[in-house]
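Student: What follows is a predicted protein model with its sequence.
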Amino acid sequence: MFPTEPTTVNNGFTALLKNRGFMLLWIGQLISQLADKVFFVLMIALLQLYLPTDNVAGDGRFYLYMAFTVPAMLFGSAGGVIVDRVPKKLVMVGSDAVRGVLMLLIPFLPREFAILLLFTFSISTITQFFAPAEQASIPLLVKRESLMAANALFSSTMMAALIIGNAVANPMLNWVESFNKGFGKELVVGCLYILSALIMMPIHFQEHRDTDKTTPAINPWAEFLQGLRYLKRNRLVWNAMLQIVTLYCVFAALIELAIGMAARLNLAPEEFSSFVAAAGVGMVIGAAILGHSGHRFHHKPLPLIGFLMMAFSLGLFIFVNNQPVALGLCIFLGVGAAFVNVPMQTLIQQQTPPEMHGKVFGFQNHAINIALTAPLLITTKLVNGFGLSAVLLGMCIVVGVVGVWSWQNTRRVLQDVI
């Protein structure tokens with residue numbers, strides 16, 4: 001399951017930099033994620049070309065958002081089933097190439113809103129196949145002792161792509177449009193996807209595949225249930241996934257809470273993004289600490305520490321009336337989030353057999369997509385009904401309890417596998 005990579009006594013980032021296959025995967029996924037962030041900004045920008053002005057901010061954005069998010073709800077687990085049956089490199093390279101070609105086709109088609117929705121839905125659907133293939137590829141390219149550093153690097157660059165992508169998307173698209181008003185924006189996103197595919201083309205790794213000619217045809221529902229049964233039997237992996245999903249629920253809720261914090265601090269509504277970005281910066285810092293020195297924390301209760309850091313931050317938000325302090329707490333929360341996400345993702349990769357990688361990571365991708373969407377609606381209603389401080393206190397308690405409960409359930413075996 002864990003192939004050889006250059007011999008080194010350093011299992012941190014240094015070893016990964018010498019692993020050509022892993023570096024190609026890392027650079028490729030970074031560019032692909034950047035394309036994902038710019039893609040949605042572009043779809044919103046294109047609305048003014050496909051709809052009358054009075055519909056852009058209302059129904060247009062709502063339907064576009066639905067076309068972008070519904071595939072994550074419907075096909076998250078199905079993507080994992082395909083990953084277990086098809087070479088992972090083919091899935092990753094193919095999904096990027098198809099998304100790139102679709103983007104390049106948009107300017108040549110009629111400017112009908114239905115076509116824009118169809119392309120958004122299609123590209124978002126194809127994206128659901130990339131994520132589980134990427135996660136399942138990491139253990140095939142990296143030695144077991146380097147998995148913590150590998151996941152730390154992926155985690156930090158994922159947050160960096162989120163922050164940078166949202167920050168540069170509009171300036172980049174406007175700059176390109178100043179040179180070419182007819183075809184420039186779509187060309188940028190399409191070329192990013194195709195560039196990602198080209199970078200990952202040289203990757204080589206040995207996959208474990210069943211060569212039995214009697215292998216049954218793909219049955220997505222049956223294989224989804226098979227993966228679910230595996231998770232129920234493997235308490236350690238199930239618990240790790242629960243912690244990751246809880247973490248993403250907190251980050252999703254943080255968006256709504258950040259809007260409330262901005263209002264409390266008398267900031268402009270759009271300045272809420274600075275709090276979310278600060279949490280992302282904290283996650284990058286935490287991931288960098290684990291990637292560089294994770295072996296020193298081998299027997300430390302990292303997930304418990306991470307959840308308690310997050311609970312502490314959420315509790316202190318109740319009393320904060322100063323923007324710099326609030327940003328500092330967001331960074332601290334992000335560091336705690338990395339202490340949960342990185343070791344738990346490493347544990348799932350270590351404990352899941354290769355033939356189950358796609359199903360498990362597909363299910364995880366599905367759960368995370370729901371965790372990033374549902375809390376937004378719930379948190380909004382809770383804040384409107386009970387107030388910001390009450391919701392912060394409730395989240396503080398829930399996050400702390402989940403951390404302690406999870407650690408109590410896994411502490412006897414967790415220190416032996418992370």
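Tutor: Perfect, I can see it now.

Student: use CA for all of it now, contacts and neighbours both
Tutor: OK.

Student: which sections of the stretch 251-400 of the chain are below the confidence cut-off?
Tutor: 269-270, 294-299 (pLDDT under 70).

Student: for the stretch 1-150 of the chain, same thing?
Tutor: The stretch 1-150 of the chain contains residues with pLDDT under 70 at 1-12, 52-58.

Student: Helices along that one, start to end?
Tutor: 13-17, 20-50, 53-55, 61-85, 88-105, 113-141, 147-179 (DSSP state H, counting those that start in this stretch).

Student: okay, those helices in JSON lines with distance to residue 232 and mean neighbour count next?
Tutor: Formatted as JSON lines, these follow (distance: least, Cα to Cα, whole Å; neighbours: other Cα atoms under 10 Å):
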{"stretch": "helix 13-17", "distance to residue 232": "33", "mean neighbour count": "18"}
{"stretch": "helix 20-50", "distance to residue 232": "30", "mean neighbour count": "20"}
{"stretch": "helix 53-55", "distance to residue 232": "46", "mean neighbour count": "12"}
{"stretch": "helix 61-85", "distance to residue 232": "16", "mean neighbour count": "21"}
{"stretch": "helix 88-105", "distance to residue 232": "25", "mean neighbour count": "21"}
{"stretch": "helix 113-141", "distance to residue 232": "19", "mean neighbour count": "22"}
{"stretch": "helix 147-179", "distance to residue 232": "24", "mean neighbour count": "19"}
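
Student: May I see the ones you listed arranged in TSV, with distance to residue 291 as well?
Tutor: TSV is the format used below for those (distance: least, Cα to Cα, whole Å):
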stretch	distance to residue 291
helix 13-17	6
helix 20-50	14
helix 53-55	47
helix 61-85	27
helix 88-105	25
helix 113-141	15
helix 147-179	4
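
Student: Which among the ones you listed is found nearest to residue 380?
Tutor: For residue 380, the closest of those is helix 61-85, at 16.7 Å, according to Cα to Cα.

Student: Mind giving me the packing neighbours of that closest one?
Tutor: Helix 61-85 sits against helix 20-50, helix 113-141, helix 220-233, helix 357-371, with contacts defined as 3 or more Cα pairs under 8 Å, 6 or more residues apart in numbering; DSSP states H and E.

Student: immediately after the strand or helix carrying residue 282, which helix or strand?
Tutor: Taking DSSP states H and E as the definition, residue 282 sits inside helix 273-293. On the C-terminal side of helix 273-293, the nearest following helix or strand under DSSP H and E is helix 302-317.

Student: Could you tell me how far the residue lying closest to residue 28 once chain neighbours are set aside is located from residue 34?
Tutor: Among residues not flanking residue 28 along the chain, residue 196 sits closest, at 4.5 Å (Cα to Cα, 6 or more residues apart in numbering). Here the distance between residue 196 and residue 34 works out to 10 Å (Cα to Cα, to the nearest Å).

Student: which residue is nearest the centroid of the protein?
Tutor: By Cα atoms, centre = their mean, the chain has its centre lying nearest to residue 158, at 6.4 Å.

Student: dump the residue contacts of that residue.
Tutor: Counting by Cα atoms under 8 Å, 6 or more residues apart in numbering, residue 158 makes contact with 30, 33.

Student: quick one: contacts for the residue nearest to residue 28?
Tutor: With contact set as Cα under 8 Å, 6+ apart, residue 196 has these partners: 27, 28, 29, 31, 32, 93, 96.

Student: One more pass at 10 Å, please.
Tutor: For residue 196, the contact set (Cα atoms under 10 Å, 6 or more residues apart in numbering) comprises 24-35, 92-93, 96-97, 100.

Student: Name the SS class of it, please.
Tutor: Going by DSSP: H, G, I helix; E, B strand; the rest coil, the secondary structure assigned to residue 196 is helix.

Student: Tell me how far it lies from residue 359.
Tutor: According to Cα to Cα, residue 196 stands 24 Å off from residue 359.

Student: And residue 21, by the same measure?
Tutor: 23 Å.

Student: Then residue 80?
Tutor: Residue 80 sits 5 Å away from residue 359, going by Cα to Cα.
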